[in-house]
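Visitor: build me a model from this:
(chains A and B)
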There are 2 protein chains.
Amino acid sequence: MYVIGELINGMFSNVKKAIQEKDGQIIQELAKAQEQAGAWALDVNVGPASRDAVGAMLWLVENIRKVSDIPVAIDNAKWDIMQEVIPQVPGEKIINSSKADEDLLDKYVPLAAVNNASLIGLTLDQAGVPNDVDKRVELAAAILTKCAEHGLDVGKLFIDPIILPINVAPQQADNVLCSLEQMKMLHDPAPHFLLGLSNLSQNCANRSLINRVYLAMARGSGLDAAIMDPLDSELMDVAITTDLLCGATIYCDSFLEAARSK
Amino acid sequence: MYVIGELINGMFSNVKKAIQEKDGQIIQELAKAQEQAGAWALDVNVGPASRDAVGAMLWLVENIRKVSDIPVAIDNAKWDIMQEVIPQVPGEKIINSSKADEDLLDKYVPLAAVNNASLIGLTLDQAGVPNDVDKRVELAAAILTKCAEHGLDVGKLFIDPIILPINVAPQQADNVLCSLEQMKMLHDPAPHFLLGLSNLSQNCANRSLINRVYLAMARGSGLDAAIMDPLDSELMDVAITTDLLCGATIYCDSFLEAARSK
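Guide: Alright, predicted model coming up:
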């Protein structure tokens, strides 16, 4: 399970404060803690508060790079910001994200290809989040087509079928599972499939349980990546155990500790 | 998730003692406790110790029926015993189990059909447990064919693709997930798909975690039934949460309590 740590986000008050006060220590600690807990990559989002989004994003990346070499996922919805930031990010990087509209993919996919970046493609277009399975699969196919057209290797593509909160969109969790099963048959080798897991349980009771169970269910349906909280140790236990039960790792009595010490 | 409680089994010392001393109270309490914890059915196995397996089985069922009306799964590998017990079991019943050899199915499927019983069919023949996905799917198809031939409704069939311990057969857990995804496309409507979950983690560390994670993964791949311990409350939380995330139940803040109080 390719775990992308979600904690460096200006939506959280500690990160917001760090950005405003230029306190790099907080960011470096969050980067180190997530990597040590088993994150394979780190999401970076300046949040809504910053006036200079490009400057804040580059400052966050600069601080992460002082302590960590793992990929950073540049998380911003605006093309102008992404276009300016991506070429300046040192090391491995992920563009988070592009919607599946053709005109957007014609910009984002080349940006990824030219900068040797990975790309998260959302199965979402100007009509919004699909309510059904078929539209998700159709948009996934459109993303794959654009990657072929612009020469982005499928191994650098993460398709995100978009999970919605279970308390407001009760059928979408199952639709996403069905979508994953179909999407993974679109291309061989398959791209990565990713979810922003925490969105599933927004404003729900038993959040961590819901996230844990769905992470495993979705892995059973084909998910292999998630933006999530790697410091939720019970959730990381599940991620590690899915690796074992998918045959990606081999059992030993200390398989949890072994995975974390890698 | 159709949970079949596994605790009435002569393999366990309390049940063995109850059978030997004809202490029906212990059996009745185990039946009540499992049903109250959310079991939909109760597995009944006399274990290896009893000389009079038919008498012991009927005594166990008699005690269960004093306190519970839910289906009982008559768990025995011998045809002679099954053939004698099944017609004498009051209420709903499940034959646990038949292998997928043609000559066995030609006996077990009619026994189920004539007695209005459900049947667990193992994807296992005289060659043993398949090491791969294809053979499991082939045997599942053979079971479905025999049910059609002998007039057993597919809704009364549970196909068990056989899970092996992760520490001795590391690739089989993933093979079972792949098998589930393929088997559910064999027939519409699909039969039930069931696992004897505890077998996955025999002699493993972190048994409950492994069982919990795999239950959710397998649900994501198409499982809808499991023989398991309903008194493992964390495991039951997972079973209940998979129902929520498959769209089988609707979210409310007390969804765990609501499912248990049904």
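
Visitor: how about residue A:253, nearest residue that isn't a chain neighbour?
Guide: Excluding its sequence neighbours, the residue lying closest to residue A:253 (CB to CB, 6 or more residues apart in numbering or on different chains) is residue B:205, at 4.2 Å. C-betas here are computed from N, CA, C, even on glycine.

Visitor: give me the number of residues near the nearest residue to residue A:12 once chain neighbours are set aside?
Guide: Excluding the flanking residues, the one nearest residue A:12 by CB to CB, 6+ apart is residue A:47, at 7.7 Å. Neighbour count of residue A:47, defined by other CB atoms under 10 Å in any protein chain shown: 17.

Visitor: residue A:47 contacts residue A:9, doesn't it?
Guide: Yes - shown here, residue A:47 and residue A:9 form a contact pair, counting by CB atoms under 8 Å, at 6.0 Å.

Visitor: residues shared between the contacts of those two?
Guide: Common neighbours of residue A:47 and residue A:9, using CB atoms under 8 Å, 6 or more residues apart in numbering or on different chains, are residue A:15.

Visitor: show me where the stretch 151-262 of chain A has strands.
Guide: Under the criterion DSSP state E, counting those that start in this stretch, the stretch 151-262 of chain A contains strands at A:157-160, A:192-196, A:225-228.

Visitor: my guess is residue A:166 contacts residue A:201, does it?
Guide: Yes - look at residue A:166 against residue A:201 with CB under 8 Å: they come within range, at 6.6 Å.

Visitor: look at the two and report which has more neighbours.
Guide: Higher neighbour count among residue A:166 and residue A:201: residue A:166, with 26 against 21, using other CB under 10 Å.

Visitor: okay, the more buried one: pLDDT?
Guide: The model reports residue A:166 with a pLDDT of 97.

Visitor: the one 4 residues further on now?
Guide: With respect to pLDDT, residue A:170 has a value of 93.

Visitor: what's the spacing between it and residue A:88?
Guide: Using CB to CB, to the nearest Å, we find residue A:170 at a distance of 42 Å from residue A:88.

Visitor: next: residue A:230.
Guide: 26 Å.

Visitor: by proximity to chain B, which residue of the stretch 151-262 of chain A wins?
Guide: residue A:220 (3.0 Å; CB to the nearest CB).

Visitor: just give me the neighbour total for the residue lying closest to that residue once chain neighbours are set aside.
Guide: Setting aside the residues directly before and after it, residue A:220 is nearest to residue B:220 in space (CB to CB, 6+ apart), at 3.0 Å. Residue B:220 has 30 neighbouring residues, counting by other CB under 10 Å.

Visitor: check residue A:51 too.
Guide: For residue A:51, the neighbour count with other CB under 10 Å is 7.

Visitor: how close does it get to residue A:23?
Guide: Relative to residue A:23, and taking CB to CB, residue A:51 is found at 18 Å.

Visitor: flag every residue of the stretch 101-250 of chain A that's near chain B.
Guide: A:166-167, A:170-171, A:173-174, A:177, A:181, A:204-206, A:209-210, A:212-214, A:216-221, A:237-238, A:241-242, A:244-247, A:250 (CB under 8 Å from any CB of the partner chain).

Visitor: how close does the closest residue to residue A:126 other than its chain neighbours sit to residue A:170?
Guide: Spatial nearest neighbour of residue A:126, chain neighbours left out: residue A:101 (5.7 Å); criterion: CB to CB, 6+ apart. To residue A:170, residue A:101 is 27 Å away according to CB to CB.

Visitor: still on that earlier bit, find residues that contact each of residue A:166 and residue A:201.
Guide: The contact sets of residue A:166 and residue A:201 overlap at residue A:210 (CB under 8 Å, 6+ apart).

Visitor: most centrally placed residue in chain A?
Guide: Centroid-nearest residue in chain A, with CA atoms, centre = their mean: residue A:227, separated by 4.0 Å.

Visitor: per-residue confidence at that one?
Guide: For residue A:227, the pLDDT comes out at 98.

Visitor: residues in contact with it?
Guide: Residues in contact with residue A:227, defined by CB under 8 Å, 6+ apart, are A:4-6, A:43, A:73, A:96, A:194-198.

Visitor: quick one: low-confidence parts of chain A?
Guide: For chain A, the stretches with pLDDT under 70 are A:49.

Visitor: 90 instead?
Guide: In the predicted model of chain A, residues A:48-51, A:259-262 satisfy pLDDT under 90.

Visitor: show me where it has helices.
Guide: For chain A, the helices defined by DSSP state H occupy A:13-21, A:24-36, A:53-67, A:79-85, A:102-114, A:133-150, A:172-183, A:207-221, A:233-245, A:255-260.

Visitor: packed most tightly, which of these would that be?
Guide: Highest mean neighbour count among these (mean count of other CB atoms under 10 Å in any protein chain shown): helix A:207-221, with a mean of 25.

Visitor: circling back to that earlier point, show me what the residue nearest to the centre of chain A is bridged to.
Guide: When bridges are called by DSSP bridges, residue A:227 pairs up with residue A:4, residue A:196.

Visitor: show me the contacts for residue A:142.
Guide: Counting by CB under 8 Å, 6+ apart, residue A:142 touches A:100, A:102, A:105.

Visitor: what does residue A:194 give?
Guide: Contacts for residue A:194 (CB under 8 Å, 6+ apart) come out as A:2, A:4, A:120, A:158-160, A:223-227.

Visitor: ok so, going back, for the residue nearest to residue A:12, give its distance to residue A:221.
Guide: Distance, residue A:47 to residue A:221, by CB to CB: 31 Å.

Visitor: same question for residue A:164.
Guide: 16 Å.

Visitor: does residue A:219 touch residue A:1 like I think?
Guide: Yes - between residue A:219 and residue A:1 a contact is recorded at 6.6 Å, counting by CB under 8 Å.

Visitor: list residues touching both of those two?
Guide: Here residue A:219 and residue A:1 have residue A:242 as joint contacts, going by CB under 8 Å, 6+ apart.

Visitor: so residue A:157 bridges to which residues?
Guide: Assigned bridge partners for residue A:157, using DSSP bridges, are residue A:119.

Visitor: wait, it sits on residue A:118?
Guide: Yes - between residue A:157 and residue A:118 a contact is recorded at 7.1 Å, counting by CB under 8 Å.

Visitor: of the two, which one has the most company?
Guide: residue A:157 (24 against 21).

Visitor: report the contact partners of the more buried one.
Guide: For residue A:157, the contact set (CB under 8 Å, 6+ apart) comprises A:118-119, A:121, A:143-144, A:147, A:191-192.

Visitor: swap in residue A:43?
Guide: So residue A:43 contacts A:4-6, A:8-9, A:72-73, A:75, A:96, A:227 (CB under 8 Å, 6+ apart).

Visitor: can you rerun that using 6 Å?
Guide: When contacts are counted by CB atoms under 6 Å, 6 or more residues apart in numbering or on different chains, residue A:43 touches A:4, A:6, A:73, A:75, A:227.

Visitor: excluding covalently adjacent residues, which one is nearest to it?
Guide: The spatially closest residue to residue A:43, leaving aside those adjacent along the chain, is residue A:73, at 4.5 Å (CB to CB, 6+ apart).

Visitor: that neighbour bridge partners, please.
Guide: With beta bridges defined as DSSP bridges, residue A:73 has these partners: residue A:43, residue A:94.

Visitor: you'd agree it is up against residue A:94?
Guide: Yes - here residue A:73 reaches residue A:94: they are 4.0 Å apart, a contact under CB atoms under 6 Å.

Visitor: ok, now which ones touch the closest residue to residue A:183 other than its chain neighbours?
Guide: Residue nearest to residue A:183 in three dimensions, not counting chain neighbours: residue A:140, with 4.6 Å by CB to CB, 6+ apart. By CB under 6 Å, 6+ apart, the contact list for residue A:140 reads A:123, A:159, A:183.

Visitor: over to residue A:57?
Guide: So residue A:57 contacts A:46, A:85 (CB under 6 Å, 6+ apart).

Visitor: find the residue closest to the residue of the stretch 1-150 of chain A at minimum distance from chain B in space, skipping its chain neighbours.
Guide: Nearest to chain B, among the residues of the stretch 1-150 of chain A, is residue A:1, at 11.1 Å (CB to the nearest CB). Nearest non-adjacent residue to residue A:1, counting by CB to CB, 6+ apart: residue A:239, 4.3 Å away.
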